[in-house]
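A.B. asks: dropping a prediction and its sequence here:
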Amino acid sequence: MGAFREKGKKLLESIKADKKLTIIVLVGLAGILLLLISELIPLPEKQEAEQAPEETTQTEYHYAQDIEKRLSEIVSSIEGAGKTKVMVTLENGVESVYAADERTASERTSEGKNEGMEINERSSEENEYIILQSNGSRDEGLVIKVIQPKIRGVAIVCEGGDSAYVRQHVMQAVTAVLDIGASRVSISRMAS
């Protein structure tokens with residue numbers, strides 16, 4: 001153990017004696033310290049990237065919830081429907097359409113033969129998305145349109161669900177409002 005201390009003291013003395021070596025050691029220690037700190041403190045960009053899928057799910061959930069609320073209000077106002085509960089299922093998620101710079105190139109060549117000419121055409125298309133830089137180094141595409149999710153089906157349970165009159169009027173209202181087929185709508189009587 002004594003030999004180790006002596007070697008450590010000699011190393012410290014040689015580092016203190018040579019200014020360049022002192023600077024190199026300090027820069028190395030500072031780099032190691034910065035790496036440790038960067039691992040301990042989460043960066044905002046990492047948090048946003050991790051939360052993005054959750055935000056999309058929340059947006060879809062709120063979209064379905066809003067449709068359910070509005071449909072429930074409409075159906076319950078139909079004569080004889082009474083108290084109403086509505087559930088909406090979505091087929092897909094929210095889709096974003098991004099702006100793109102499109103380039104088309106075409107090439108035409110003709111070759112002569114004895115009596116006829118042979119024409120060869122070649123065309124190519126190239127798309128390049130328009131990128132916006134925001135929040136420092138985070139790049140995002142330029143969104144030109146957001147397509148809301150498609151509705152897979154609707155389940156409606158109402159007090160008057162056993163009446164043919166109520167079922168017909170509820171079916172007409174739901175299919176007209178949501179622009180879906182009657183096969184995607186289920187109407188049932190609410191249990192007492």
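C.D. replies: Right, received. Where do you want to start? Note that this is a predicted model, so its numbers are computed, not measured.
A.B. asks: can we go C-alpha only for contacts and neighbour counts from here?
C.D. replies: OK.
A.B. asks: in this protein, which spans are helices?
C.D. replies: Using DSSP state H, the helices of the chain run over 2-17, 19-40, 44-76, 164-178.
A.B. asks: let's have the ones you listed in JSON lines, adding mean pLDDT, distance to residue 95 and mean neighbour count.
C.D. replies: Conversion of the helices of the chain to JSON lines gives the following (pLDDT from 0 to 100; distance: least, C-alpha to C-alpha, whole Å; neighbours: other C-alpha atoms under 10 Å):
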{"stretch": "helix 2-17", "mean pLDDT": "77", "distance to residue 95": "61", "mean neighbour count": "11"}
{"stretch": "helix 19-40", "mean pLDDT": "82", "distance to residue 95": "34", "mean neighbour count": "12"}
{"stretch": "helix 44-76", "mean pLDDT": "73", "distance to residue 95": "10", "mean neighbour count": "14"}
{"stretch": "helix 164-178", "mean pLDDT": "93", "distance to residue 95": "18", "mean neighbour count": "16"}
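A.B. asks: got CSV for the ones you listed, with distance to residue 192 too?
C.D. replies: Shown next, in CSV, are the helices of the chain (distance: least, C-alpha to C-alpha, whole Å):
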stretch, distance to residue 192
helix 2-17, 85
helix 19-40, 57
helix 44-76, 16
helix 164-178, 17
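A.B. asks: between those helices, which one is closest to residue 141.
C.D. replies: Across the helices of the chain, residue 141 has its closest neighbour in helix 44-76 (14.5 Å, C-alpha to C-alpha).
A.B. asks: still on that earlier bit, so for residue 158, which of the helices of the chain sits nearest?
C.D. replies: Of all these, it is helix 44-76 that lies closest to residue 158, at 7.7 Å by C-alpha to C-alpha.
A.B. asks: with residue 59 as the reference, measure out to residue 93.
C.D. replies: 9 Å (C-alpha to C-alpha, to the nearest Å).
A.B. asks: same check on residue 163?
C.D. replies: In this view, residue 163 and residue 59 are 36 Å apart by C-alpha to C-alpha.
A.B. asks: also residue 150?
C.D. replies: 14 Å.
A.B. asks: residue 77 too?
C.D. replies: 27 Å.
A.B. asks: for residue 78, same thing?
C.D. replies: Distance from residue 78 to residue 59, by C-alpha to C-alpha: 29 Å.
A.B. asks: with residue 145 instead?
C.D. replies: Residue 145 sits at a distance of 16 Å from residue 59 (criterion: C-alpha to C-alpha).
A.B. asks: repeat that for residue 192.
C.D. replies: Distance from residue 192 to residue 59, by C-alpha to C-alpha: 34 Å.
A.B. asks: show me what contacts residue 74?
C.D. replies: Residue 74 makes contacts with residue 173, as judged by C-alpha atoms under 8 Å, 6 or more residues apart in numbering.
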